[in-house]
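Trainee: pasting a predicted model and its sequence here:
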Amino acid sequence: MKPLLILITVFVISFLAHKIFTGNFEFALSGRIALAVMLLFTALGHFLFTKGMSMMLPGFVPFKTAIVYLTGVLEIAAAIGLFIPKFRVFTAWFLIVFFIMLLPANIFAAVKHINYQQGTFDGNGPAYLWFRVPLQVLFIVWTYLSAIKFG
């Protein structure tokens, strides 16, 4: 829920600020700014809640902690890449694939009732997927529109 609130809030603020300071609305730029801030926020979780995020990966996955740190670093790199014109489209396609690849971890975490912030098994459970799956789709569409189609 927090990433969605950050995404929308930062989008609205940057959209309106751009209009106030330049006289134009800039959908794609505001979308990329919001996406980048959201990515930086979620990347922070990889370093603050490493134990709980490691629990989101099934037992057969090796090097869980390293994967959690790596994905946090990749989110930071993607947040930057969205603003480098030469890398914008590549970064966007990377993020789309990344968001798709995160879905199984979110499904596993929901089925196992993982509370990634606490590192416990008292999370929301499968009902959380009714929110999380559409949220992943929103992130994918948002990335496509703000960095590929209109970027």
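Mentor: Thanks, I have it.
Trainee: show me what contacts the spatially most central residue of the chain?
Mentor: When CA atoms, centre = their mean is applied to the chain, the residue found nearest the centroid is L39 (4.9 Å). Residues in contact with L39 (CB atoms under 8 Å, 6 or more residues apart in numbering) are 75-76, 78-79, 95. Backbone N, C-alpha and C define where each C-beta goes, glycine included.
Trainee: may I ask which of those has the most neighbours?
Mentor: Highest neighbour count within the contacts of L39: L95, with 25 neighbours (other CB atoms under 10 Å).
Trainee: one step back: any idea which element the residue nearest to the centre of the chain lies in?
Mentor: helix 27-48 (DSSP states H and E).
Trainee: can I get the helix or strand that that helix is followed by in CSV, CA atoms only?
Mentor: Heading C-terminal from helix 27-48, the first helix or strand you meet, by DSSP H and E, is helix 50-55. Listed next in CSV are the C-alpha coordinates belonging to helix 50-55 (Å, rounded to 0.1, in the frame of the first residue of the first chain):
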residue,chain,number,x,y,z
THR,A,50,16.4,-8.2,4.6
LYS,A,51,15.5,-11.1,6.9
GLY,A,52,11.8,-10.8,6.0
MET,A,53,12.4,-10.4,2.3
SER,A,54,14.7,-13.4,2.3
MET,A,55,11.8,-15.4,3.8
